[in-house]
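1. give me the fold of what follows.
(one chain, ligands or ions: 1)
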Amino acid sequence: MTIQLNQFLHSRKQIIENALPSYIEKLQAPHSLKAAMRYSLEAGGKRLRPILVLALLHTYKQSEDLGIATACAVEMIHTYSLIHDDLPCMDDDDLRRGKPTNHKVFGEALAVLAGDGLLTQSFSLIVNDQLLPADKKLRIVSELVNAAGAEGMVGGQVSDMEGEVKKLTLSELQSIHENKTAKLLGFSIISGAILAGAPEEDIDNLRKFAYHLGIAFQIRDDILDIEGNQMILGKPVGSDTINEKTTYPSILTMQGAKEKLNDHIDFAKEILNNLSVRSELLYQMCDLMANRDH
Ligand code: GRG
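-> This is a model prediction of the structure:
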């Protein structure tokens, strides 16, 4: 039986949002730190990364319980990156997910530490997951390090920062977004497939799928910064233009960026045809990435 995308998104978002606070509450840590960590974790967001972990388990007809801890771990890493990205020393943003940014509420020092806490704690969720065998934990932790660390999101953020002062080529921009955005989304897909016991050939294909989906996600982000609605996005629009950032629309024009987005979505969908399982849900998630309004 196929599940409707909206029903899947809604129900799994709920599961993740119920689970996330429990990982913070049980920590023996200062109340202020736990409050700052919970504030951003509970500030909303689409929960796409954790939902992707569960979507892979669903696709391979495995229990989604196997993915809850890993799904929460990736959301913690994503949330830490947003807290740090919003700091005055980085993007200096006041609003995130429709609410004042972490440092606006808790001050800069606690915001940095809340991010550090979420980053470090995320690994403990995977390592202490009673449902997973040791070899899978190790493989997933290694994937997470590659996706989120210096060779992934953190490195991508540095290249992005350094690229702000010059005009980038399309391939430089592509490489920044592969590291900064696509690899963490890719982690969700790959970890879900590992947890589900997917064949290695599928995992190779899913890595390519994740690349195209991640770049498509970022192109949509660039488009929304121009055409999006601030109320729906929960953050100001137009910042890329004000900061003269190189984006897909700035290099390719808006029409060209939309075509590029569709190309990546088409590539992603084509790859799905090579999997050993039917994957309607992943097809539908491609369309979600292409058309999302926040
Ligand atoms: C500070 C190490 C460090 C990294 C920051 C994620 C990131 C890297 C920066 C955020 C700025 C940005 C616009 C990134 C590109 C796209 C992106 C990751 C958007 C936010 O993700 P969504 O749309 O957010 O999934 P929600 O709020 O729905 O979770």
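2. how far off centre is stretch 99-115?
-> 20 Å (CA atoms, centre = their mean, to the nearest Å).
3. list the buried residues in that stretch.
-> Lys99, Thr101, Asn102, His103, Lys104, Phe106, Leu110, Ala111, Val112, Leu113, Ala114, Gly115 (16 or more other CB atoms under 10 Å). C-beta: built from backbone N, CA, C; applies to glycine.
4. keep only those of those residues that are in helices.
-> Residues of those located in helices (DSSP state H): Asn102, His103, Lys104, Phe106, Leu110, Ala111, Val112, Leu113, Ala114, Gly115.
5. find the closest residue to the ligand in the protein.
-> Closest approach between the chain and the ligand, counting by CB to the nearest ligand atom: Gly45, at 3.1 Å.
6. helix/strand/coil for Ala55?
-> With DSSP: H, G, I helix; E, B strand; the rest coil as the basis, Ala55 sits in helix.
7. hang on, it packs against Glu280?
-> No - counting by CB atoms under 8 Å, Ala55 stays clear of Glu280, with 10.5 Å between them.
8. ok, these two, which is more surrounded?
-> Per other CB atoms under 10 Å, whichever of Ala55 and Glu280 has more neighbours is Ala55, with 27 against 13.
9. find the nearest non-adjacent residue to the more buried one, please.
-> Leu281 (5.3 Å; CB to CB, 6 or more residues apart in numbering).
10. got the buried residues for the strand or helix carrying that neighbour?
-> Per DSSP states H and E, Leu281 falls inside helix 280-291. Neighbour counts over helix 280-291 (16+ other CB under 10 Å) mark Leu281, Leu282, Tyr283, Gln284, Met285, Cys286, Leu288, Met289, Ala290 as buried.
11. next one: stretch 84-93
-> His84, Asp85, Asp86, Leu87, Asp91, Asp93.
12. now check that stretch, is it near the ligand?
-> Yes - interface with the ligand: stretch 84-93 contributes His84, Asp85 (CB under 6 Å from any ligand atom).
13. just the endpoints, please. Distance across that stretch?
-> This stretch, stretch 84-93, spans 10 Å end to end (CA to CA, to the nearest Å).
14. let me see the mean pLDDT of it.
-> For stretch 84-93, mean pLDDT is 96.
15. ok now that stretch, how far from the chain's centre?
-> On CA atoms, centre = their mean, the centre of stretch 84-93 falls 18 Å from the chain's centre.
16. could you do stretch 55-74 as well?
-> With CA atoms, centre = their mean, you get 15 Å for stretch 55-74.
17. ok, now stretch 37-47?
-> 13 Å.
18. pull up the distance across that stretch, start to finish.
-> Note: stretch 37-47 ends 16 Å apart using CA to CA.
19. return the set of buried residues in it.
-> Met37, Arg38, Tyr39, Ser40, Leu41, Ala43, Gly45, Arg47.
20. for the third one, give its distance to Lys235.
-> What it means is Tyr39. 16 Å (CB to CB, to the nearest Å).
21. what does Gln255 give?
-> On the measure of CB to CB, Gln255 and Lys235 end up 25 Å apart.
22. out of the two, which sits in the busier spot?
-> Lys235 (21 against 9).
23. in the sheet, who's paired with the nearest residue to that one once chain neighbours are set aside?
-> Leaving aside its sequence neighbours, Lys235 sits nearest to Leu95 (CB to CB, 6+ apart; 5.3 Å). Beta-bridge pairing for Leu95 (DSSP bridges): Pro100.
24. what's the local residue count around Leu95?
-> Neighbour tally, Leu95, other CB under 10 Å: 15.
25. spit out the contact partners of it.
-> Taking CB atoms under 8 Å, 6 or more residues apart in numbering, we find Leu95 in contact with Thr101, Gly234, Lys235, Pro236.
26. would you agree the last one is in contact with Gln230?
-> Yes - the pair Pro236 and Gln230 qualifies as a contact (CB under 8 Å) at a distance of 5.8 Å.
27. for the chain, which helix extends over the most residues?
-> Longest helix in the chain, counting by DSSP H: helix 200-227.
28. ok, and for that helix, which residues are buried?
-> 202, 205-206, 209-225.
29. average pLDDT across it?
-> 97.
30. just the helices in the stretch 101-250 of the chain please.
-> With DSSP state H, counting those that start in this stretch, the ranges of helices along the stretch 101-250 of the chain come out as 102-106, 108-127, 134-148, 153-163, 170-177, 183-196, 200-227, 230-233, 239-242, 248-272.
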